[in-house]
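predicted model and sequence follow; I will ask about them next.
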Amino acid sequence: MSDLRGVNHIGVTVRSLERTVAWYREVFDIEPRFQLHGASGAETEAVVQVEGAIVDCAFFVIGNTCVEFLEYRAPHGLDYELRNCDVGAIHICYEVDDIQAVYARLKEKGVEFSTAPGYIEDGPLGGISFVYFRDLQGIQFELFQVPADSPTRPG
């Protein structure tokens, strides 16, 4: 039996926490559950494995998971430049009830998608619609519409 109970949160480092919070407020109409500012010192440096780290973060509750956005005020990190095929590249997939409606609404708000939503006819992913987009800092995300009986549905 696994000791894993589920996914509590996913952490994503961003260039500007203020811009990220504003973007999520504007695009998805959600607010962070809470924010922390200025975590620093020897313990923070040890935990995040970054010398001289000064970190701000915001936790957004999305369904049954939190997404934690972190801004390292120090040291100044590199911008996100990974391609989807690069080791360590991630994407977060948000489940939606009506992908066409969400896609249209987000496009109206200026979100740039790689394509229109796709649909999978057959196989273990049969009945799923999906589409990829990048946030204002170039980080990859996905929208996913899933049938109730899909093997990709947690639980």
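Looks like it arrived, so ask away.

pull out the buried residues from the helix ranked longest in the chain.
If you go by DSSP state H, the chain has its longest helix at helix 17-28. Going by neighbour count (16 or more other CB atoms under 10 Å), the buried part of helix 17-28 is 17, 20, 21, 23, 24, 27, 28. Where you see a C-beta, it was placed from the backbone N, CA and C, and this is true even at glycine.

report all helices and strands that it contacts.
In terms of contacts (3 or more CB pairs under 8 Å, 6 or more residues apart in numbering; DSSP states H and E), helix 17-28 is packed against strand 54-62, strand 65-74.

before we move on, back to that, now render the buried residues of helix 17-28 as a markdown table, adding pLDDT and distance to residue 112.
Formatted as a markdown table, the buried residues of helix 17-28 follow (pLDDT from 0 to 100; distance: CB to CB, whole Å):
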| residue | pLDDT | distance to residue 112 |
| --- | --- | --- |
| 17 | 96 | 21 |
| 20 | 96 | 16 |
| 21 | 97 | 20 |
| 23 | 96 | 13 |
| 24 | 96 | 16 |
| 27 | 94 | 12 |
| 28 | 95 | 15 |
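
ok, the spatially most central residue of the chain - contacts?
Residue closest to the mean C-alpha point of the chain, counted by CA atoms, centre = their mean, is residue 92 at 4.2 Å. Shown in contact with residue 92 (CB atoms under 8 Å, 6 or more residues apart in numbering): 10, 12, 67, 141, 142.

coming back round to it: export the helices and strands packed on helix 17-28 to a markdown table and tack on mean pLDDT?
A markdown table is the format used below for the helices and strands packed on helix 17-28 (pLDDT from 0 to 100):
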| stretch | mean pLDDT |
| --- | --- |
| strand 54-62 | 97 |
| strand 65-74 | 96 |
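
could I get the ones you listed as CSV with distance to residue 150 and mean neighbour count?
Below are these laid out as CSV (distance: least, CB to CB, whole Å; neighbours: other CB atoms under 10 Å):
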stretch, distance to residue 150, mean neighbour count
strand 54-62, 19, 18
strand 65-74, 17, 18
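
including distance to residue 127, could those strands go into CSV?
Listed next are those as CSV, based on distance: least, CB to CB, whole Å:
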stretch, distance to residue 127
strand 54-62, 22
strand 65-74, 22
